[in-house]
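Predicted model and sequence below, questions to follow.
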Amino acid sequence: MEADWANLEANPLSIILDKLIERIDHVWFSAVCKNWCSVAKLNHQSQQFRTNVLPMLTFRSKRGLYSIPSHRFYIFQSKMPYGKKICGSSHGWVAICESNLTITLFNPFKNVAPIPLPPLHKFYISQTHKVTLSADPITSPNDYVVVAISNRECCIPFMRAGQTDWGYVHTTNPPYADIIFYKGLVYVAQNNIVSFFNLDHSGNKIINDASLGSVDELGACYVKIYLVKSLEGDLWMVRRLYIANNTKGFQVYKLELDAQSGKLVGKVKLESLGDDVLFIGGCDSISVSASCFSRCLQKDSIYYCSDYNDKAYDPRGPFDSGVYNVKDGSFDQQHFPCDPSFKCTLPSFWVLPPFQWD
């Protein structure tokens with residue numbers, strides 16, 4: 001007797017679905033038939049599923065997404081221009097920077113028009129380093145903010161939804177390495193300085209600066225800073241230590257902030273990440289649950305890829321990526337294979353594909 005796969009009951013189908021770690025496989029699961037699709041929708045209504053999605057790797061010169069759990073490269077067609085300079089990935093959108101200081105926001109996962117932004121003022125900005133968003137322009141079309149940081153200029157451009165020109169926040173300690181929206185404020189950081197400002201206040205002066213105090217560089221010749229929100233809602237700073245242009249270690253600090261003002265009042269160096277697993281690179285940094293992905297992620301680990309400011313091209317392929325264990329200071333091999341198909345590609349970056357069944 002042949003099995004009636006289309007009419008399997010919900011319980012066995014849920015067990016099958018639970019074995020599929022990568023969300024793109026859930027999409028394929030739901031496409032089998034109406035019964036399987038309804039089970040997928042029911043399972044995806046849980047808050048735990050919605051808030052725990054693994055990022056995927058995408059490449060500036062390859063059309064596709066790479067899955068860390070399944071070690072597969074999924075061909076993915078998109079109208080996003082490849083080979084261009086990427087200066088951010090936030091809320092499913094990718095920021096493309098042009099030489100004329102214009103920025104265009106593309107969503108490679110939705111059938112929506114790109115969002116062209118006006119050119120940045122050449123008096124203030126000479127090179128865009130990173131762009132981030134406060135919210136998804138699809139779900140919050142009238143209530144999102146774009147902010148950017150440059151490599152050396154002393155201001156931070158921002159633009160609210162519906163505006164036709166950039167505003168500029170004048171800073172005191174450029175250049176900043178990373179920027180994040182956190183609890184209604186905008187935080188920027190560089191080396192051991194953390195600053196913040198409130199875009200809701202008029203004037204847009206800077207900022208309140210506070211030093212992390214002395215930090216151990218461990219012989220590094222260069223340090224790159226990342227800001228990330230932990231699963232518990234804390235603000236963390238990740239310090240990436242380089243020696244001879246290669247990553248040699250990471251340090252993670254929990255930033256202690258004043259509850260009223262938001263000002264930095266202290267730091268705690270973390271020897272363990274708890275249930276957090278971090279994904280960092282040139283995009284918005286991402287934290288996911290180690291317990292939810294215990295079958296495919298290493299606990300206490302940072303999955304990192306080449307930053308946009310790293311060497312743009314290398315014949316060996318994406319060269320500075322891997323997995324670092326914060327607890328014991330060890331490195332694992334690269335999280336994707338540098339086989340011939342990955343040679344001569346520009347550095348990769350993390351994206352969170354917005355898989356939805358609503």
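Looks like it arrived, so ask away. Residues are numbered from 1 along each chain as shown.

For the rest of this, base every contact and every neighbour count on C-alpha atoms.
OK.

just so I have it, where are all the helices in the stretch 1-150 of the chain?
Counting by DSSP state H, counting those that start in this stretch, the stretch 1-150 of the chain has helices at residues 10-19, 23-30, 34-43, 47-51.

Run through who's touching stretch 117-136.
Identification of contacts with stretch 117-136 by Cα atoms under 8 Å, 6 or more residues apart in numbering yields 87-93, 95, 97, 100-105, 143-151, 153-155, 157, 164-166, 178-181, 282-284, 309.

err, stretch 182-202, not the other one
173-181, 204, 206-215, 223-227, 229, 235, 239, 262-264.

For PyMOL, what selects the buried ones among the residues you listed?
If you want just the buried ones from these in PyMOL, going by 16 or more other Cα atoms under 10 Å, the selection is:
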select buried, resi 173+174+175+176+177+178+179+180+181+204+206+207+208+209+210+211+212+223+224+225+226+227+229+235+239+262+263+264
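
In strands, which of the contacts of stretch 182-202 appear?
Secondary structure from DSSP state E places 178-181, 208-211, 223-227, 229, 235, 239, 264 of these in strands.

neighbours around Lys130, how many?
As a burial measure, Lys130 scores 25 neighbours (other Cα atoms under 10 Å).

And the closest residue to it other than its chain neighbours, how close does it get to Phe250?
In space, and not counting its chain neighbours, Lys130 is closest to Cys87: 4.7 Å by Cα to Cα, 6 or more residues apart in numbering. For Cys87, the distance to Phe250 equals 22 Å [Cα to Cα, to the nearest Å].

Same question for Thr164.
From Thr164 to Phe250 the distance is 40 Å (Cα to Cα).

go on, Val268?
14 Å.

More neighbours: which of those two?
More neighbours surround Phe250 than the other of Val268 and Phe250, with 20 against 12 (other Cα under 10 Å).

The more buried one and Arg240 touch, don't they?
Yes. Counting by Cα atoms under 8 Å, Phe250 touches Arg240, with 4.7 Å between them.

The residue nearest the centre of the chain: what's it in contact with?
A centroid search over the chain (Cα atoms, centre = their mean) returns Asp284, at 2.8 Å, as the residue closest to the centre. Shown in contact with Asp284 (Cα under 8 Å, 6+ apart): 88-90, 132, 180, 228.
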